[in-house]
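coordinates only, sequence not included:
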Ligand code: SF4
Ligand code: SF4
């Protein structure tokens, strides 16, 4: 584990990613867990239901008829003052989309684990980031974990940040690659967590003795302000996040403090930098080692936080690069990869503007192997500005032979 | 929170739009209706089905009478009450000014 050193005194358990995240949730002691099963997330809520049934977790476990109602139940519970958790994936996250925008507008600090998966059609159950990016504009904080340990830790830090800035959190971890992997992880104890995560203390709750309306119809003269308040809270959350990773390190010994917790880098001062989210970064690190052994000055910048967007941090990390290659498992048809577009936007007013190439890879679980990453490093090294729009984005894994009905 | 005439008077934005209760008193939802329910008081058996099914709780027993009526400040004109009424006591008629 390159990015966060394990505390050597920790006892590690080897367990499936979904179970490990569930145990992390248990340590956060949520009052309400609402759940609907969807692959590859199901194991998270399955494990939580087991922990509740076995009396190890004292939570209200609410089974619902759809993801829409899993999110809605969390909204009701959170509005009443509860600490609420749910988990989902892909189409389930889309079905939650409407209530999740409501949760953000109502400023409810619900934490959701999202086992990232592609969106239909065609139906696929495998990992990419299309689901998370489709919820990008709702007002939910978004984190991306590289491994199981980080997925656990992001849930804990997620509650802490969410409850200070009153915004919901989508804590992303790649479907199957992280949900179904067996990895050693430190499961924080409730005693440790209670030191780090105080009980929730909401400013307003639904309370029959003090009746009020939350999330009501708002007139045009109020609505802009609610959206502005979300933007302010998002920006404030950067400071809260910086403080959270600091205290997390003090309590648990794991260090996520690089770039205030926003970015994780590997040879971050290299001439050529790759940017990617989530589990693929493990493979990228390996390929970087190979290239560096041959004298190529290449490194990795991995945003751990996607919302709020790490603007200043990315400018600092990428500003001196000769060229940047964004490897991304999402894209916005009709434009380009959203992440690449965001990074270009961030660097627009920066002093230096390295040429940026984006590579759409790993969609719906397609393996990205080391030689392919090597080719992307080489293409990044060849990049120079100006570039046409077509030159900026490539689909290195595209199988042209199966396009157009195969009649070419 | 105390109650005032305008529940939006003390609206709090910082943690979402938290307002005083009873916003429905000022946010009337019956203004865009195309059809309205009209009741045949003799046919109504006061079973309350219309009240049960109305999505806006606009069907209510008329005080002191043995039939139901409709609060047109909130009725959206969906016609569900007409569908569920067991005695066909409700007819939806076009709303005219
Ligand atoms: S028409 Fe619809 S909204 Fe109006 S009273 Fe009947 S059920 Fe209610
Ligand atoms: S459903 Fe029909 S009969 Fe029953 S109360 Fe309503 S109007 Fe009257």
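Yep, that arrived. Keep in mind that what you see is a predicted model, and the values were worked out from it rather than measured. Numbering: from 1, shown residues only, chains lettered A, B, ... in the order given. Ligands and ions are numbered 1, 2, ... in the order given.

who does the one helix or strand residue A:316 maps to touch, helix- and strand-wise?
Assigned by DSSP states H and E, residue A:316 falls within helix A:311-318. Helix A:311-318 sits against strand A:263-266, strand A:272-275, strand A:298-303, helix A:338-347, with contacts defined as 3 or more Cβ pairs under 8 Å, 6 or more residues apart in numbering or on different chains; DSSP states H and E. C-beta: built from backbone N, CA, C; applies to glycine.

can you redo those as a markdown table with mean neighbour count?
As requested, the helices and strands packed on helix A:311-318 are exported to a markdown table (neighbours: other Cβ atoms under 10 Å in any protein chain shown):
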| stretch | mean neighbour count |
| --- | --- |
| strand A:263-266 | 20 |
| strand A:272-275 | 26 |
| strand A:298-303 | 24 |
| helix A:338-347 | 20 |
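
possible to save those as TSV with distance to residue B:74 and mean pLDDT?
Formatted as TSV, the helices and strands packed on helix A:311-318 follow (distance: least, Cβ to Cβ, whole Å; pLDDT from 0 to 100):
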stretch	distance to residue B:74	mean pLDDT
strand A:263-266	52	98
strand A:272-275	53	98
strand A:298-303	48	98
helix A:338-347	42	97
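
can you check which of those gets nearest to residue A:95?
helix A:338-347 (21.1 Å; Cβ to Cβ).

circling back: need the helices and strands packed on helix A:311-318 in JSON lines (columns: distance to chain B).
Shown next, in JSON lines, are the helices and strands packed on helix A:311-318 (distance: least, Cβ to the nearest Cβ, whole Å):
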{"stretch": "strand A:263-266", "distance to chain B": "29"}
{"stretch": "strand A:272-275", "distance to chain B": "34"}
{"stretch": "strand A:298-303", "distance to chain B": "27"}
{"stretch": "helix A:338-347", "distance to chain B": "26"}
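
adding distance to residue A:200, write these out as a markdown table.
Below are the helices and strands packed on helix A:311-318 laid out as a markdown table (distance: least, Cβ to Cβ, whole Å):
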| stretch | distance to residue A:200 |
| --- | --- |
| strand A:263-266 | 28 |
| strand A:272-275 | 35 |
| strand A:298-303 | 27 |
| helix A:338-347 | 31 |
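
average pLDDT across stretch A:70-78?
For stretch A:70-78, the mean pLDDT works out to 98.

let me know which of the helices and strands packed on helix A:311-318 is the nearest to residue A:196.
Nearest of the helices and strands packed on helix A:311-318 (Cβ to Cβ): strand A:263-266, 20.1 Å.

and that closest one, what does it pack against?
Strand A:263-266 packs on helix A:280-293, strand A:298-303, helix A:311-318, going by 3+ Cβ pairs under 8 Å, 6+ apart.

let's see 10 Å
Packed against strand A:263-266 by the contact rule (3 or more Cβ pairs under 10 Å, 6 or more residues apart in numbering or on different chains; DSSP states H and E) you find strand A:272-275, helix A:280-293, strand A:298-303, helix A:311-318.

contacts only, for residue A:232.
A:165, B:14 (Cβ atoms under 10 Å, 6 or more residues apart in numbering or on different chains).

where does whatever residue of the stretch 51-200 of chain A ends up closest to ligand 2 fall, phi/psi-wise?
Closest residue of the stretch 51-200 of chain A to ligand 2, Cβ to the nearest ligand atom: residue A:65 (27.8 Å). Per-residue torsions, residue A:65: phi -90, psi 0 (degrees, to the nearest 10).

what residues does the stretch 151-300 of chain A put near chain B?
A:165-167, A:202-206, A:210-219, A:221-230, A:232-233 (Cβ under 10 Å from any Cβ of the partner chain).

buried ones among those residues?
Buried members of those, counted by 16 or more other Cβ atoms under 10 Å in any protein chain shown: A:165-167, A:202, A:204, A:206, A:212-216, A:218, A:226, A:229-230, A:233.

ok, so of the residues you listed, who is nearest residue A:306?
The closest of those, once distances to residue A:306 are taken by Cβ to Cβ, is residue A:167, at 13.7 Å.

from what I see, the closest one and residue A:101 are in contact.
No - when contacts are counted by Cβ atoms under 10 Å, residue A:167 is not listed as touching residue A:101 (11.8 Å).

overlap in contacts of the two?
A:138-140.

scan those and report the most crowded one.
Neighbour counts for those (other Cβ atoms under 10 Å in any protein chain shown) peak at residue A:140, which has 25 neighbours.

mind checking pLDDT for that one?
pLDDT at residue A:140 comes out at 98.

who are the contact partners of it?
Going by Cβ under 10 Å, 6+ apart, the list of residues near residue A:140 reads A:100-101, A:103-104, A:110-112, A:114, A:132, A:162, A:167-171, A:230, A:234, A:307.

separation between residue B:17 and residue B:39?
Computed with Cβ to Cβ, to the nearest Å, the distance linking residue B:17 and residue B:39 is 37 Å.

of those two, who's got more company?
Neighbour count, other Cβ under 10 Å: between residue B:17 and residue B:39, residue B:17 has more, with 24 against 20.

for the residue in chain B sticking out farthest from the centre, list each beta-bridge partner.
Residue farthest from the centre of chain B, counting by Cα atoms, centre = their mean, is residue B:14 at 31.9 Å. Beta-bridge partners of residue B:14, counted by DSSP bridges, are residue B:16.

if we can go back for a sec, dump the helices and strands packed on strand A:263-266 to TSV, plus distance to ligand 1.
Listed next are the helices and strands packed on strand A:263-266 as TSV, based on distance: least, Cβ to the nearest ligand atom, whole Å:
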stretch	distance to ligand 1
strand A:272-275	53
helix A:280-293	52
strand A:298-303	49
helix A:311-318	48
